[in-house]
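J.: Whatever this is, show me its structure:
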Amino acid sequence: MRFSPDDVVFRVQLNLERVRTAEDALRTWLPLVGELRPLSMTFEVADPAGLRRGFLADLLLVHRLPEEGVPAGGCALDRLLAAVDALVRRLGLDPADFVADEDGSGGVLTVGDAGGGSPHGARLVLALTGADPLNPEGDEMDYADTGEDLP
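T.: Prediction:
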């Protein structure tokens, strides 16, 4: 998937550990998903043998780099931080925890095991200008499965 150089692409990973049913997890996330309107969302039960418990969600969000709220003569990093600030605050996290990369085109906010107080279970926020942080080359994902079982 291709994105504009004026897009900030976010990957938000959520984990509700204390929710017992998929219905409860979806009910908790539905208002957030309705508000943020992700381009895509994956939802799954955490692997019992893995590090996480409960239910997991991954949101792919695309926002335009803001012009407003950026200091006059603001650089790319200022615009990125303005976009990150709004999303991270909405997730109930502290924007000061976001760590930008060296060139100011992206960065990460990792929430410790304490959960950071996010009511939505936000664990990780990745941001990258102009590309998906999990697939920055923009190429189609390469899967090892041959797909022989597909009709």
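
J.: Show me what the one helix or strand His63 maps to is packed up against.
T.: His63 belongs to strand 55-64 when assigned by DSSP states H and E. On a contact count with 3 or more C-beta pairs under 8 Å, 6 or more residues apart in numbering; DSSP states H and E, strand 55-64 meets strand 7-16, helix 22-36, strand 40-45, helix 76-90. Every residue, glycine included, has its C-beta placed from N, CA and C.

J.: Residues contacting the second one, please?
T.: This means helix 22-36. Helix 22-36 is contacted by residues 14, 16, 19, 41, 43, 45, 54-55, 57, 59, 61, 87, 90-91, 119-121 when judged by C-beta atoms under 8 Å, 6 or more residues apart in numbering.

J.: can you tell me the average pLDDT over it?
T.: Across helix 22-36, pLDDT averages out at 91.

J.: Could you do the shortest one as well?
T.: Averaging pLDDT along strand 40-45 yields 92.

J.: list the helices and strands it packs on?
T.: helix 22-36, strand 55-64.

J.: now the ones you listed as TSV including mean neighbour count?
T.: Listed next are those as TSV, based on neighbours: other C-beta atoms under 10 Å:
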stretch	mean neighbour count
helix 22-36	14
strand 55-64	19
